[in-house]
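In: Need a 3D model of the following:
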Amino acid sequence: RKIVQKLAFGEGYVLFVNVFLAINTPFVVWNQSGMENSLFSFLLVSLCYYTMKFIKEPEKTTLNYAAAVAFLISVTRPEGIFFASLLPLSLLSIDTTIRTKLNYLFNYCLVLFVPVVAFLLFRYAYFNDWLPNTYYAKGRHNAFAVFDLYHAWEKLRYLSFSLGGRWAVFVLLLGMILLPIMMKPNLKNN
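Out: Model prediction:
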């Protein structure tokens, strides 16, 4: 709700998003199964929220909150660390000097990577392994399989199928076409 409000859309869009999520069977079932699934989706939404808040009002506290949430995402799932790139990519859209952007990037990386490295060192010292046991139980057998692009493509395909079923390609294309149109009211306010 807050993300849709931050995009400066009306209450009709807020209602649409909430109803769409409530009737989206794969999303609802997926969030009710497993121990970390609902936490993972909550953290992803939180990261999106803090990133959007940072784009509108670049403050270090918001940046630190986003880094802390990105750390929690990476602890929840090993491949979750890829979502940490959301905020650094958003720095491209902020209208400020290169020096300020680099300062923000350094601060974000420091707040993110210090706990990530500490957590990985703890996991290795305690369990004698870099990744959790569930990672190996799902068929991956080395730490570098996290960077497998085919695996990332399959995750994206599953996500798009859960959003639109067989018509996922059309849903994604329609979303890509409508997003610039829906963003126009927001651009007029700035």
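In: show me where this protein has helices.
Out: 2-6, 11-23, 25-32, 37-56, 60-76, 86-90, 98-127, 133-137, 149-164, 168-189 (DSSP state H).
In: Can you tell me which of these is most buried?
Out: Comparing the helices of the chain by mean neighbour count (mean count of other C-beta atoms under 10 Å), helix 60-76 ranks first with a mean of 20. Glycine gets a C-beta too; all of them are placed from N, C-alpha and C.
In: Just want the angle from that helix to helix 98-127.
Out: 30 degrees (axes from the mean of the first three to the mean of the last three C-alpha atoms, to 10 degrees).
In: Output the contacting helices and strands for helix 60-76.
Out: Packing contacts for helix 60-76, counted by 3 or more C-beta pairs under 8 Å, 6 or more residues apart in numbering; DSSP states H and E, involve helix 37-56, helix 86-90, helix 98-127.
In: which residues touch the residue nearest to residue 55 when sequence neighbours are not counted?
Out: Excluding its sequence neighbours, the residue lying closest to residue 55 (C-beta to C-beta, 6 or more residues apart in numbering) is residue 90, at 5.3 Å. Counting by C-beta atoms under 8 Å, 6 or more residues apart in numbering, residue 90 touches 51, 54, 55.
In: ditto for residue 54
Out: Counting by C-beta under 8 Å, 6+ apart, the residues that residue 54 touches are 62, 63, 66, 87, 90.
In: Out of the residues you listed, name the two that are farthest from one another.
Out: 62 and 90 (11.2 Å; C-beta to C-beta).
In: Can you tell me the number of residues neighbouring residue 83?
Out: 19 (other C-beta atoms under 10 Å).
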